[in-house]
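*Asks:* Mind folding the following:
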Amino acid sequence: PAPAPQPAGMPAGMPGGGVGADLMGGGVPMPSAGAAPAPITAFDKGGLTIRFALSKDPSNPSISLVDASFTNSNASPLQGLVFQAAVPKYMKMQMQPASGTTVPPGGQGEVKQQVKLANSMHGQKPIAMRIKVEYTMDGNKVTETGEVSGFPPGY
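*Replies:* Numbers count the residues shown, from 1 in each chain. Take a look at the predicted model:
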């Protein structure tokens, strides 16, 4: 029989067609761009929701890219948004500047920020992250902290 057609986006030279090789080889399947997990809700309180869309660096499986999106279901905008995160010593983190500091009201827009995580214990220890978010709503300064869990295996 003729060999199965190569899936779109897969390099032609990958043995076993890429994804199937991991199933037989016993290795941890590496998430691919086409199989990105559903976004996780990192924070949801006081009308502010922070969701993390996850992807992997195709050239290095220990690097995860987190696209954080901030939405606001309140009637008033959230102003002066500052997002901070901390990771354990076995991880390194780079945060890009946020796309803005005001989260529009009523879910009518979002602020985005990308975080790059390098996990030196990839495959042995999961991603762990503590977050702190600060903003002002209706003249009141709000500071919230939390821990983000629920990162899928392999990230």
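
*Asks:* Okay, now the sheet partners of the helix or strand containing residue 85, with direction.
*Replies:* Secondary structure here is read from DSSP states H and E; on that basis residue 85 sits in strand 79-86. Paired strands of strand 79-86, with direction, are strand 129-137 (antiparallel) (DSSP bridges).

*Asks:* Just the CA trace of the strand it pairs with, in CSV.
*Replies:* Extracted in CSV, the C-alpha atoms of strand 129-137 (Å, rounded to 0.1, in the frame of the first residue of the first chain):
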residue,chain,number,x,y,z
MET,A,129,3.1,30.4,38.8
ARG,A,130,2.0,33.0,41.4
ILE,A,131,0.4,36.1,40.1
LYS,A,132,-0.4,39.6,41.3
VAL,A,133,-2.7,42.0,39.6
GLU,A,134,-3.3,45.6,40.4
TYR,A,135,-5.7,48.1,39.0
THR,A,136,-8.0,51.0,39.8
MET,A,137,-11.8,50.8,39.3
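
*Asks:* who's in contact with it?
*Replies:* With CB atoms under 8 Å, 6 or more residues apart in numbering as the test, strand 129-137 has contacts from 42-43, 46-48, 50, 74, 76-87, 103, 117, 141-148. Any C-beta I mention is one placed from the backbone N, CA and C, and that applies to glycine too.

*Asks:* Buried members of the residues you listed into ChimeraX, please.
*Replies:* Remark: buried members of these, expressed as a ChimeraX selection using 16 or more other CB atoms under 10 Å:
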select :42,43,47,48,50,74,77,78,81,83,85,87,103,117,142,148
